[in-house]
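Enquirer: What follows is a predicted structure for the sequence shown.
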Amino acid sequence: MTAGASQDVEARRARALAEQYLALARQQQRIVRRHEAGSAGERRIGALLQPMSAYGWTLLADRRWPGTRAANVDLLHVGPGGVLVLDVKNWREVHVEGGRLWRGQEDAHDDVDKVARIAELAEQSVAEIGLAPLEVVPILVFAGESFDPLTLGRVTAMGEKQLVPWINRRGERLTAEKLPAVLAVLERDFPPHEDAGPVVLSPVVVPPVLPLPEPAEVPEQQALFSAVELEDSLLEGALAAPIEDWMAFLHPGQAKLVRQVRNGPARVRGPAGTGKTVIGLHRAAYLATTRPGKLLYVSFVRTLPTVLSATFARLAPQHVDRVEFCGVHAWARRFLDARGVRHRVDFTAADTCFWRSWASVGRYSALAEVPVPVTYWQEEIASVIKGRGLTDFSEYADLTRVGRSTPLNRAQREAVWRLHTAYDVLLRSRGLHDAADLLVLALAEVRRRPLEDPYAAVLVDEVQDLSRVGVQLLHALGGDGPDGLLLIGDGQQAVYPGGFTLSEAGITVRGRSTVLETNYRNASRIIETAVAVVASDAFADLDDSLEEGARRMEVARDGGVTVRIDAPDARSLDAALVAAVGDLAAAGTSLGDCALLTATTTDASRYAGVLHRAGVPLVPLEEYAGQTCGRVKVGTIKRAKGLEFKHVFLPGLREGGSAVKAGESETAWRERLEVERRELYVGMTRARDGLWLGFLL
Ligand SMILES: Nc1ncnc2c1ncn2[C@@H]1O[C@H](COP(=O)(O)OP(=O)(O)OP(=O)(O)O)[C@@H](O)[C@H]1O
C-alpha cells in the first residue's frame, strides 16, 4: 500500500466515525426535544388541572415512583372525584387494537402497564387508611388531543379535551374531611422528584443508531373545551348523588380483603351487618378493574341482585357492563334457554303433583307414623334430596341430614324415597319441573359442556340459602382458579330447612376464609335485641362443626330505638302500627326509609291493607329496585334478605314463636322454631336505627 492509499483509508475511517457521532448527536438531540416536549405536555395538563383547586382538588406534580430512582409520576390529582394517577403523553396517531395501545406502528402498551403499576402502588398506600382501590384511577392523557375515553384494562386513555369534564363527571366520591388524610399518605409515599444533580458525562461508547419516532410538536395552548362545556360537566358531577361513605372508604382490614389474591375458592362470613356484601361489591369492582372478562354476582334472593346492581352502578359506574347481577334460578333458566334444554317451572302445578303423590304413595306409608306435618316431606325432597342432587337411594340411606333433627329409620327413608320418585314421575309426565330441578338441570348441562365464554369470577351472596346443587353449579362456573369463586354468607341467617357442607360439595376454602366481626349497620340496642333471639341456638355454617349462637361482635354505632308493643288483639295492634308510622312521619322521617316485614306473604298483604287504608303510601318489596322513593316497603323477611332500612316494623309476632301444628312432634316443632327465630333475627337486623316489634298476646 502506498503512503497516499493509507491516508485515504484513515480519512474514510475518520469520516465514518464522524458520521456515527453526528447521528448519535442527532439522536440525543431528539431525546432532549422529547423530554422537553414531555415536560411541556405535563406543564400544559398541569395548567389545565390547576383551576380545579377551587373545587377541592390538589395537584401533586412530578413525583417519584417509590422503589426506583429514575422513574417519576407525572401528576397525582387528588380531590372529590378520587385519586387520579396521570401519565401525560405527547403522541399523535394513537389507537387501540387487540386491546393494546399503539403509537403509529409501534406497540406502546408498556406505557399503559406503567401507569397501572403506579396506580397499584398508590392504591397500596391509601389502603392503609381504608380508601377503596377503585378510587385510585390510572389515566393516560394525550396533550393537545381530543378523543373520547378508551378503557385499557384498568387504565383510561383520553384526549386532553375530555379530561376535565370526565373528572367532573365522577362527582363527589371523597368527602372534604377525608381528603387531608389521603393527601398526607400520598405526599409521604410519593415524594417530589429530586434534582438529578450535576450532569456527569461518561466516556462515549458509540451504540448502534436506532431510528426514533419524531416527537410530536405540542401545539400552543388552545381552548380545547369551552367554559359552557366545563360548567355542564361540573353541574353533571354535582347532580350525581354523592356516594355513601362506605363506597369510597372501607375499614383498612376490609380494603385489604378487597385486594387480596386468593389461590382458589374463598369465603367471607360473619354476623348480620358486618359488611359482607360491601366486601362483595368492592371485590367485584376490584376484579373488574384488574382482570379482563365478565363477572357474575349471584344471590338466592330474587330481589337482591336488582338492588345490588343499582348500588354497584353508583360504586363503580365504569364497570356496570362487566358485572352481571342475577338470581341463581334466573341465571339457570336463561342458561337452559340458551342451550335449548327444555324446562317448565310451575310452582302451583308442582305443588299439586306433590299432594297427589302424597295421597297415593305417602299417606299410608311408614311416614304416617313420623309426627311431622306433610309439608315436612315436601321440604325433605326439595332441600335434602333434590337440593343435594341425590339420584340414588343408596346416597340417601345413610346420609347425615344436616339441619334436620327429626331422625328417620331405614323404612322411613325408603318411604321418603318412594314419595320422591312418585312425585318426580308425576312432574315429568306433565312436562313440569320444580325450582330445585332447574338447578339440577343447569348443573348437568354445564358439566356436559362448560361455558364457551367463562366468567372471570363468580361471587355468591347469601350463600347459606343455596342448595348444594346451587353452590356446585356456581363452583362449576367460577372454578378452582385464583379468585374464581367467592362465597359470602352467614349460617345464622339461613331461613330454609336442611343444609350441606362445602366439603361434600367438593369445595375447599381452607386458609381462604375470613370472618368479619364489626357490625356497621345496626345501632347497638337493635343488634342486642336481635342477637338475644338466636343467642342460644347453635347453628351450622356450611361445615361439620356447630357455632355458638352468641358470637363475638363489635358494634360500630351506639344507640338506636327498639319499641315493643304487646297488643291484646289484631285490631289494637293495627292501630298501634298505624300510629307508630304516623309518629315517624310527623317527626320528619321519610317513609321511604321504612320497611314493614312479615314472615308470610299472607301477613304482608294483610298489613299492606292496614297501611293502605290508613293512607300510608307503600310499595311491595318485590317492586323495590334500590331506588329512593317516599313509600314504605312492605314484604316478607325472606325478600328483605341482604337489604337494610332506617326503621323496620315487624308486626304480628307471637311470644315463643308459632304454635305446634297438628300432628307435629316436639322435635319437629323445635326445629321449625329455630328456623323461625333465625328468620326473625334477619328481619330485626334489617333495621339501622329503629325497630318496632308488634306482638299479639
Ligand atoms: N367500613 C365501613 N364503614 C361504614 N359503614 C360500613 C362499612 N362497611 C360496611 N358498612 C355498612 O354496614 C352496613 C351493612 O353492610 P352489609 O350489607 O355489607 O353487611 P352484611 O354483612 O352483608 O349484612 P347481612 O348479612 O345482614 O345482609 C351497610 O350499611 C354498609 O354500608
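Expert: Yep, it's here. A quick note: this is a predicted structure, and the numbers were derived from the prediction, not measured.
Enquirer: Phi and psi next, for Ile507.
Expert: Dihedral pair for Ile507: phi -120, psi 130, per degrees, to the nearest 10.
Enquirer: doesn't Pro265 make contact with it?
Expert: Yes: Ile507 lies in contact with Pro265 (C-beta atoms under 8 Å); the separation is 5.3 Å. (Glycine included, C-beta is placed from N, CA and C.)
Enquirer: okay, and the common contacts of those two?
Expert: The contact sets of Ile507 and Pro265 overlap at His475, Leu485, Leu487 (C-beta atoms under 8 Å, 6 or more residues apart in numbering).
Enquirer: So which of these sit within helices?
Expert: Among the shared contacts of Ile507 and Pro265, the members falling in helices (DSSP state H) are His475.
Enquirer: May I see the shared contacts of Ile507 and Pro265 arranged in CSV, with distance to Gly592 and pLDDT as well?
Expert: As requested, the shared contacts of Ile507 and Pro265 are exported to CSV (distance: C-beta to C-beta, whole Å; pLDDT from 0 to 100):
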residue, distance to Gly592, pLDDT
His475, 38, 97
Leu485, 35, 97
Leu487, 32, 97
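Enquirer: Close to the ligand: what parts of this protein are there?
Expert: 245-246, 250-251, 254, 270, 272-278, 490, 493, 520-521, 642, 644, 685 (C-beta under 6 Å from any ligand atom).
Enquirer: Could you give the average pLDDT over stretch 652-662?
Expert: Averaging pLDDT along stretch 652-662 gives 89.
Enquirer: Which residues in it does the neighbour count mark as buried?
Expert: Residues of stretch 652-662 classed as buried by neighbour count (16 or more other C-beta atoms under 10 Å): Gly652, Leu653, Gly657, Val660.
Enquirer: Name the pair among those residues with the greatest separation in space.
Expert: Gly652 and Val660 (18.3 Å; C-beta to C-beta).
Enquirer: related to what we said a few turns ago, between the buried residues of stretch 652-662, which sits nearest the ligand?
Expert: The nearest member of those to the ligand, counting by C-beta to the nearest ligand atom, is Leu653 at 19.4 Å.
Enquirer: Wait, the closest one touches Leu680, no?
Expert: Yes: using C-beta under 8 Å, Leu653 and Leu680 qualify as a contacting pair, with a distance of 7.3 Å.
Enquirer: Helix or strand: which one has Thr421?
Expert: helix 410-429 (DSSP states H and E).
Enquirer: Just want the angle from the helix or strand just after that helix to helix 410-429.
Expert: As assigned by DSSP H and E, the chain's next helix or strand after helix 410-429 is helix 435-448. On the basis of axes from the mean of the first three to the mean of the last three C-alpha atoms, to 10 degrees, helix 435-448 is oriented at 80 degrees to helix 410-429.
Enquirer: if we look at helix 435-448, which residues are touching it?
Expert: Contact with helix 435-448 is made by 328-329, 331-333, 335-336, 339, 341, 343, 345, 347, 381-382, 386-387, 389, 427, 433, 467, 469-470, 472-473, 476-477, as judged by C-beta under 8 Å, 6+ apart.
Enquirer: Please pick the buried ones from those residues.
Expert: The neighbour-count test (16+ other C-beta under 10 Å) applied to those identifies 328-329, 331-333, 335-336, 345, 381-382, 386-387, 389, 427, 433, 467, 469-470, 472-473, 476-477 as buried.
Enquirer: Would you convert the shared contacts of Ile507 and Pro265 into JSON lines that also reports neighbour count?
Expert: Below are these laid out as JSON lines (neighbours: other C-beta atoms under 10 Å):
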{"residue": "His475", "neighbour count": "21"}
{"residue": "Leu485", "neighbour count": "27"}
{"residue": "Leu487", "neighbour count": "28"}
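Enquirer: wait, which of the shared contacts of Ile507 and Pro265 is closest to Gly130?
Expert: Using C-beta to C-beta, the shared contacts of Ile507 and Pro265 come closest to Gly130 at Leu487, 24.0 Å.
Enquirer: from what I can see the closest one touches Arg262, true?
Expert: No: using C-beta under 8 Å, Leu487 is not in contact with Arg262; the gap is 11.2 Å.
Enquirer: if we can go back for a sec, kindly reformat the shared contacts of Ile507 and Pro265 as TSV containing distance to Leu308.
Expert: Output for the shared contacts of Ile507 and Pro265, formatted as TSV (distance: C-beta to C-beta, whole Å):
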residue	distance to Leu308
His475	21
Leu485	18
Leu487	16
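Enquirer: Residue ranges in the stretch 201-350 of the chain under the pLDDT threshold?
Expert: 201-244 (pLDDT under 70).
Enquirer: next one: the chain
Expert: 1-6, 14, 17-18, 20-38, 66, 68-71, 194-244, 498.
Enquirer: Which residue does the stretch 1-150 of the chain have closest to the ligand?
Expert: Shortest the stretch 1-150 of the chain-to-the ligand distance, computed as C-beta to the nearest ligand atom: residue-wise this is Gly130, at 6.7 Å.
Enquirer: Quick check, that residue in contact with Phe249.
Expert: Yes: counting by C-beta under 8 Å, Phe249 is a contact partner of Gly130 at 4.9 Å.
Enquirer: Now the most centrally placed residue in the chain: phi and psi?
Expert: In the chain, the centroid-proximal residue (C-alpha atoms, centre = their mean) is Leu281; its distance is 1.8 Å. In this entry, Leu281 is assigned phi and psi values of phi -70, psi -40 (degrees, to the nearest 10).
Enquirer: In contact with it, which residues?
Expert: Taking C-beta under 8 Å, 6+ apart, we find Leu281 in contact with Tyr297, Leu308, Thr311, Phe312, Leu315.
Enquirer: before we move on, back to that, residues near the residue of the stretch 1-150 of the chain closest to the ligand, how many?
Expert: Per other C-beta atoms under 10 Å, the neighbour tally for Gly130 reads 19.
Enquirer: Spit out the contact partners of it.
Expert: Here Gly130 is in contact with Phe249, Leu250, His251, Pro252, Gln254, Ala255 (C-beta under 8 Å, 6+ apart).
Enquirer: I'd like to know how far it sits from Phe190.
Expert: 19 Å (C-beta to C-beta, to the nearest Å).
Enquirer: what's in contact with stretch 545-553?
Expert: 271, 274, 491-492, 517-519, 527, 531, 534-541.
Enquirer: Pull out the buried members of the contacts of Leu281.
Expert: Tyr297, Leu308, Thr311, Phe312, Leu315.
Enquirer: who does whatever helix or strand the first one lives in touch, helix- and strand-wise?
Expert: Right, the one you point to is Tyr297. In the assignment (DSSP H and E), Tyr297 maps to strand 295-299. Contacts defined by 3 or more C-beta pairs under 8 Å, 6 or more residues apart in numbering; DSSP states H and E place strand 295-299 against helix 276-290, helix 304-315, strand 323-327, helix 328-339, strand 457-461, helix 468-478.
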